[in-house]
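In: sequence unknown, structure follows:
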Ligand SMILES: Cc1cc2nc3c(=O)[nH]c(=O)nc-3n(C[C@H](O)[C@H](O)[C@H](O)COP(=O)(O)OP(=O)(O)OC[C@H]3O[C@@H](n4cnc5c(N)ncnc54)[C@H](O)[C@@H]3O)c2cc1C
């Protein structure tokens, strides 16, 4: 289990040989957060606790099947990352709890991350996606941010791809699993198109490798 302390900054993540080896898609995500100043100060625990659906590390943690470690005065509990958020900016974390770590089981296979924003830096995601392609016939693990009230895993899309669906069919299913909105950063239509394109990019890169 890779245990990343909640106070790890993005710069800590980028510089960690262990994270680079075990979870390179988290390094890719950390490099895209804000600018260098934010990477030096912002923490992964803060990104998770902040509970923004646009948080850049969140699809990575969802696709990696991470576990949130919550401490309170008289105990500790571990919550699967995919069960942590309950709604827009809401989570199961109680007022007397702190996130102390994110635990990530070994991730086998190719890891992939893409963020689409207005600029290369200081840009909140319009769409962000992370994916894992395990070796063999196991289903891919795909998660997306900024396309619903919380970060989402996309189990029906994953199952369709594993079952041999065409990319067009998988894109159709993907759109059913998302609930994007129009807001100040983008439109729902743009988010739908870009998310479908990102899915194809991930899957097509797989077929070439
Ligand atoms: C200019 C700018 C650019 C940014 N760009 C991005 C970006 O590109 N991508 C992105 O994802 N985010 C971005 N952010 C948002 C933010 O910086 C990051 O989400 C950062 O990781 C938050 O971490 P922090 O340590 O600063 O948390 P804080 O902002 O200090 O805390 C956020 C919230 O979480 C709570 N909290 C923090 N740590 C814990 C913990 N361990 N346990 C329980 N609660 C906790 C705090 O009480 C607070 O309510 C940006 C912010 C700024 C100001």
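Out: Structure's in. What do you need? Keep in mind that what you see is a predicted model, and the values were worked out from it rather than measured.
In: Tell me which stretches of this protein form strands.
Out: With DSSP state E as the criterion, the chain has strands at 2-5, 67-72, 75-80, 85-87, 90-91, 98-104, 110-116, 127-133, 141-145, 152-153.
In: Tell me how far stretch 99-116 lies from the chain's centre.
Out: Offset of stretch 99-116 from its chain centre (Cα atoms, centre = their mean, to the nearest Å): 7 Å.
In: now it: mean pLDDT?
Out: Stretch 99-116 carries an average pLDDT of 97.
In: quick one: that stretch near the ligand?
Out: Yes - Stretch 99-116 is in contact with the ligand by Cβ under 6 Å from any ligand atom, via residue 99. No exception for glycine: its C-beta is placed from N, CA and C like everyone else's.
In: Identify each buried residue in that stretch, please.
Out: 99, 101-104, 107, 110-116 (16 or more other Cβ atoms under 10 Å).
In: same check, this time on stretch 24-38
Out: For stretch 24-38, the neighbour count (16+ other Cβ under 10 Å) marks 24, 25, 26, 27, 28, 29, 30, 31, 32, 33, 34 as buried.
In: Show me which residues of the chain are close to the ligand?
Out: Residues of the chain lying near the ligand (Cβ under 6 Å from any ligand atom): 6, 33-34, 38, 41-43, 45-47, 49-50, 55-56, 98-99, 122, 124.
In: which ones are touching the residue in the chain positioned nearest to the ligand?
Out: The nearest approach of the chain to the ligand comes at residue 46, 2.1 Å away (Cβ to the nearest ligand atom). By Cβ atoms under 8 Å, 6 or more residues apart in numbering, residue 46 lies in contact with residue 6.
In: Residue 67 too?
Out: 78, 79, 80, 81, 102, 103, 104, 105 are the contacts of residue 67 under Cβ under 8 Å, 6+ apart.
In: Show me the residues of the chain next to the ligand that map onto helices.
Out: In this view, the residues of the chain next to the ligand that belong to helices under DSSP state H are 38, 41, 45, 46, 47, 49, 50.
In: Max pairwise distance over those: which two?
Out: Farthest-apart pair in those is 38 and 49; separation 15.7 Å (Cβ to Cβ).
In: so can I have CSV of the buried residues of stretch 24-38 showing pLDDT?
Out: Shown next, in CSV, are these (pLDDT from 0 to 100):
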residue, pLDDT
24, 98
25, 98
26, 98
27, 98
28, 98
29, 98
30, 98
31, 97
32, 96
33, 96
34, 95
